[in-house]
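Engineer: Compute the structure for the input listed below.
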Amino acid sequence: MPSVLIVEDEQVLAKNLRTKLKAHGLDATVAHTGEEALKIFSSMLPDLVLLDIRLPGIDGLTLLPKLKAVSPSANVIVMTAHGSERVAVDAMRAGAFEYLTKPVDLEELQIVVNRALEHQQLTDNLSFLRSREEQRSGLDRIIGESAVIRGLKETIRRLTRTEVIALPEPPTVLIMGETGCGKDLVARAIHYEGPRRARPFIHVNCTALPATLFESELFGHVPGAFTNAVKAKRGLFEVANGGTIFLDEIGHLDADSQAKLLLAIEHRQVRPVGGTESRPINVHIIAATNRDLSAAVNANEFRRDLYHRLRVIEMIVPPLRSRREDIPLLAAYFLAAHCRRFGLTPKRLSDDALDTLARYNWLGNVRELSHVLESAVLQVDGSEVCDHDLRLGQEDASGHGLRIDLPGGKSISMDFNSGTPRLEEVEYTILSTAFDYFGRNLSRAARALGITREALRYRLNKFPHSVDKS
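Structural biologist: Below is the predicted model:
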């Protein structure tokens, strides 16, 4: 039941307010002086305060900052006599949520109280989600004690301990690494360990963002900018104001989007689609890619100026196979995490299972390790996960096989000893998955695969079960 503290020296009015609020299911408590209110507030921490400005002893304007000092998130509705709107404005500047003019209209009171309680609930939910996100996104989420991981953590610490990220134009960070190696964790650690942690962290998946929507999504648009643009929309750069925007898989942006992004970074301002005025942005830009951008630049597939603008600070996340000493730590972490997630009794890995994990090639990196152990804990009834429960296969574990993780949960496993599946089947699976992943857009799929649109159409048409490309 939401609680309300009524601070009102007129006893009849205080009683009427309390009766009205209790009738609507609220737990209402009355204090007649500022001193009494401060004592009650500190002990009960109510969801809402109805505060009269004129009180004996400590007046309302003096009491308001004292209440805020105890609980900064507390919503306070001030009540002031008719003709004292100037005082109410001063109270709003001091942090009041809203003000009511006496004599108080009880119906208006209920509307304002409901709005304040809804606002408080949204604030509490946001605070909870932000707290949970911080707990899941710090340096401790980067598991490993290998030299390369210790070095990566130290680089993040050095960057986040300085105030350079808090500057209006902080240096951009480019995170390089294979798919599934943890680039997202590094970006989140930079944000949540740094001075911008209290502001938004906006994750933008560049591969899932159609080129036609890139400008609108990142920079916003004004009403009438294009068909169906019936109202204004803030771009993600503005939503992330004061915080961080993470441009994931930036290597797959098309040339036009690269040019627009470079302009925004260079000038630190964006212009909404259809707008005439640019808006300044204060965000920390972190980009990540699994693509060799240096090679893409040499192939004229990525702008050289954008590449150098992004890599002011460059971080490389190593693949799992290059830090095998971290596999036992990661395996134990994921095993415990998945058991907790599914409400299962704790399980341990057998020596054979640990040996198989240590020898496996892990082309899908840490993400693949997590998926393998997630599947294993759901298949095992006992307390031990054995080698055969991992379903990796000796060929894969010893390097005689190949596993490719594709978007949408698809994967390809090849056994080189038996020659299955055939190369043409693997080729078709990759091509058709890319085609579907990019919304059946031949141009975008071809660009992601590093081939021409015509080459992709030709290769898909080679197969009797070819997809419909119309």
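Engineer: Every contact and neighbour count from this point should use C-alpha atoms.
Structural biologist: Noted.
Engineer: how about stretch 360-373: buried residues?
Structural biologist: 360-370, 372-373 (16 or more other CA atoms under 10 Å).
Engineer: Pull the number of nearby residues for Glu374.
Structural biologist: By the criterion of other CA atoms under 10 Å, Glu374 has 20 neighbours.
Engineer: didn't it look like it was pressed against His338?
Structural biologist: Yes: counting by CA atoms under 8 Å, Glu374 touches His338, with 5.8 Å between them.
Engineer: what helices or strands is the helix or strand containing Thr155 leaning on?
Structural biologist: Using DSSP states H and E, the element containing Thr155 is helix 147-161. For helix 147-161, the packing partners by 3 or more CA pairs under 8 Å, 6 or more residues apart in numbering; DSSP states H and E come out as helix 183-193.
Engineer: that older thread, and the angle from the helix holding Thr155 to helix 183-193?
Structural biologist: Comparing the axes of helix 147-161 and helix 183-193 via axes from the mean of the first three to the mean of the last three CA atoms, to 10 degrees yields an angle of 40 degrees.
Engineer: Using CSV, write down the CA coordinates of the helix or strand just after helix 147-161.
Structural biologist: With elements assigned by DSSP H and E, the helix or strand that comes after helix 147-161 is strand 173-176. The C-alpha atoms that make up strand 173-176 are tabulated as CSV, following Å, rounded to 0.1, in the frame of the first residue of the first chain:
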residue,chain,number,x,y,z
VAL,A,173,36.8,3.6,-28.5
LEU,A,174,37.0,0.8,-31.1
ILE,A,175,36.7,-2.8,-29.9
MET,A,176,37.9,-5.5,-32.2
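Engineer: Not counting sequence-adjacent ones, nearest residue to Val377?
Structural biologist: Cys339 (6.8 Å; CA to CA, 6 or more residues apart in numbering).
Engineer: On the three-state scheme, the one you found is what?
Structural biologist: What DSSP: H, G, I helix; E, B strand; the rest coil gives for Cys339 is helix.
Engineer: So it sits against Pro346, correct?
Structural biologist: Yes: counting by CA under 8 Å, Pro346 is a contact partner of Cys339 at 6.0 Å.
Engineer: what residue ranges in the stretch 101-250 of the chain are flagged as low confidence?
Structural biologist: Along the stretch 101-250 of the chain, segments meeting pLDDT under 70 span 123-137.
Engineer: how about the strands in it?
Structural biologist: Assigned by DSSP state E, counting those that start in this stretch, the stretch 101-250 of the chain shows strands spanning 173-176, 201-205, 220-221, 233-234, 244-248.
Engineer: do the stretch 251-400 of the chain as well
Structural biologist: So, for the stretch 251-400 of the chain - with DSSP E, counting those that start in this stretch - the strands run 269-270, 279-280, 284-289, 313-316, 348-349, 384-385.
Engineer: For the stretch 201-350 of the chain, which segments count as helices?
Structural biologist: With DSSP state H, counting those that start in this stretch as the criterion, the stretch 201-350 of the chain has helices at 211-219, 236-239, 255-267, 293-298, 304-310, 327-341.
Engineer: ok, so of the buried residues of stretch 360-373, who is nearest Glu238?
Structural biologist: Arg367 (31.2 Å; CA to CA).
Engineer: so who does the closest residue to the closest one other than its chain neighbours touch?
Structural biologist: Closest residue to Arg367 apart from its sequence neighbours, by CA to CA, 6+ apart: Gly180 at 4.7 Å. Contact analysis of Gly180 by CA atoms under 8 Å, 6 or more residues apart in numbering lists Gly364, Asn365, Val366, Arg367, Glu368.
Engineer: I'd like to know how far the first one sits from His24.
Structural biologist: Read that as Gly364. 56 Å (CA to CA, to the nearest Å).
Engineer: One more: the fourth one?
Structural biologist: Spatial separation of Arg367 from His24 under the definition CA to CA is 50 Å.
Engineer: what does the second one give?
Structural biologist: Summarising the geometry, the distance separating Asn365 from His24, computed by CA to CA, is 56 Å.
Engineer: next one: the last one
Structural biologist: Distance from Glu368 to His24, counting by CA to CA: 53 Å.
Engineer: which residues make contact with stretch 339-346 from outside it?
Structural biologist: Ala336, Lys347, Val377, Ser383.
Engineer: Around Ala96, how many other residues sit close by?
Structural biologist: 22.
Engineer: which residues touch the spatially closest residue to it that is not a sequence neighbour?
Structural biologist: Among residues not flanking Ala96 along the chain, Val76 sits closest, at 5.0 Å (CA to CA, 6+ apart). The contact partners of Val76, by CA under 8 Å, 6+ apart, come to Leu48, Val49, Leu50, Leu51, Leu64, Gly95, Ala96, Phe97, Glu98.
Engineer: go with 10 Å
Structural biologist: Residues near Val76 by CA atoms under 10 Å, 6 or more residues apart in numbering: 4-5, 47-51, 64, 67-68, 91-92, 95-99, 113, 116.
Engineer: What about those, which are in helices?
Structural biologist: Under the assignment DSSP state H, the contacts of Val76 contribute Leu64, Leu67, Lys68, Ala91, Met92, Val113, Ala116 to helices.
Engineer: Could you measure from the closest residue to the fifth one other than its chain neighbours over to Ile165?
Structural biologist: Which is Met92. Closest residue to Met92 apart from its sequence neighbours, by CA to CA, 6+ apart: Glu98 at 6.8 Å. Applying CA to CA, the value for Glu98 to Ile165 is 35 Å.
Engineer: Mind checking which of the two has more residues around it?
Structural biologist: Taking neighbours as other CA under 10 Å, Glu98 and Ile165 compare with Ile165 leading, 23 against 19.
Engineer: correct me, but the more buried one touches Arg157?
Structural biologist: No: applying CA atoms under 10 Å, one finds Ile165 not in contact with Arg157, separated by 12.0 Å.
Engineer: Need the residues touching each of those two.
Structural biologist: Ile190, Gly194.
Engineer: returning to what we had before: which of the contacts of Gly180 lies closest to His203?
Structural biologist: After measuring the contacts of Gly180 against His203 - CA to CA - the closest member comes out as Arg367, at 18.0 Å.
Engineer: what about Ala229, neighbour count?
Structural biologist: Neighbours of Ala229 using other CA under 10 Å come to 13.
Engineer: Contact partners for the residue lying closest to it once chain neighbours are set aside?
Structural biologist: Once flanking residues are discounted, Ala229 sits nearest to Pro223: 5.3 Å by CA to CA, 6+ apart. Applying CA under 10 Å, 6+ apart to Pro223 gives the contacts Ala229, Val230, Lys231, Ala232, Lys233, Val273, Gly274, Gly275.
Engineer: Identify the farthest-apart pair in these.
Structural biologist: It's Val230 and Gly275 that sit farthest apart of the contacts of Pro223, by CA to CA, at 13.9 Å.
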